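Student: Mind folding the following:
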Amino acid sequence: DGDSYIDCDDQDCFSHQICNTVPSEICDNGEDDDGDSYADCDDPDCVNEIICSPEICDDAQDNNGNSGIDCLDEGCFGESYCGECDPFTGIPCDSGVCYVDKTDGFVARCYETAGNVRLNDYCSSPDSCEMGLYCSDSGYSSTCFQLCYPGIIEECPDGTQCTAFTDWSYITNTSWGLCWPQ
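Tutor: Just a heads-up that it's a prediction; the model follows:
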């Protein structure tokens, strides 16, 4: 009609059925798609979406469908047995460096510096190994071993097997493990 408004933006169409349909909330795009002041999983329309389900941090399942399982899911960072980051990816450390430290309860913590010591080489501190590895001690016989996550990420080099830190009687309250010689 030449008034510079098109389709449902034109007041002549306000009463038309197609223009009175409220858009659906898309539950993972960071926007309030349906205009109700709630975005994504904060919107009541998304309550039954799997992506909005909370991650249960100790059941070996991907409860919210985001590919992160238990302590590898960002929703579990901060749980006492998980730590504050993912030692395989470094998420969400600002520096991108995450290590499991035996002096700090065998949980994952962010470090400022990244190590460069490789698998099976001598190490001197938790952050001296490459990310994804674990410095076995802080003494003369310290070695970088590959980390694993029992029940989730268990791939280990030949001659080693994924062993939970909690398999050793003096260690409790951690989910991580290392590839230990058989």
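
Student: Double-check residue 64 against residue 54; I have them as touching.
Tutor: Yes - counting by Cβ atoms under 8 Å, residue 54 is a contact partner of residue 64 at 6.7 Å. No exception for glycine: its C-beta is placed from N, CA and C like everyone else's.

Student: can you list residues touching both of those two?
Tutor: residue 75 (Cβ atoms under 8 Å, 6 or more residues apart in numbering).

Student: of the two, who's got more company?
Tutor: residue 64 (20 against 11; other Cβ atoms under 10 Å).

Student: Burial check on the residue nearest to that one when sequence neighbours are not counted, number of neighbours?
Tutor: Counting by Cβ to Cβ, 6 or more residues apart in numbering, residue 64 lies nearest to residue 53, which is 4.6 Å off, once chain neighbours are set aside. The number of residues packed near residue 53 is 16, by other Cβ under 10 Å.

Student: and residue 53, what are its phi and psi?
Tutor: phi -70, psi 140 (degrees, to the nearest 10).

Student: tell me the contacts of it?
Tutor: 63-65.

Student: mind running it again at 10 Å?
Tutor: 41, 47, 62-66, 75 (Cβ atoms under 10 Å, 6 or more residues apart in numbering).

Student: From those, pick the one nearest residue 163.
Tutor: Of all the contacts of residue 53, residue 163 sits closest to residue 62, with 23.5 Å by Cβ to Cβ.

Student: Surely residue 115 is in contact with residue 97?
Tutor: Yes - using Cβ atoms under 10 Å, residue 115 is in contact with residue 97, at 8.0 Å.

Student: so what sits against both of these two?
Tutor: 127, 130-131.

Student: all strands for the chain, in order.
Tutor: Counting by DSSP state E, the segments of the chain that form strands are 98-101, 107-110, 133-135, 144-148, 160-164, 177-181.
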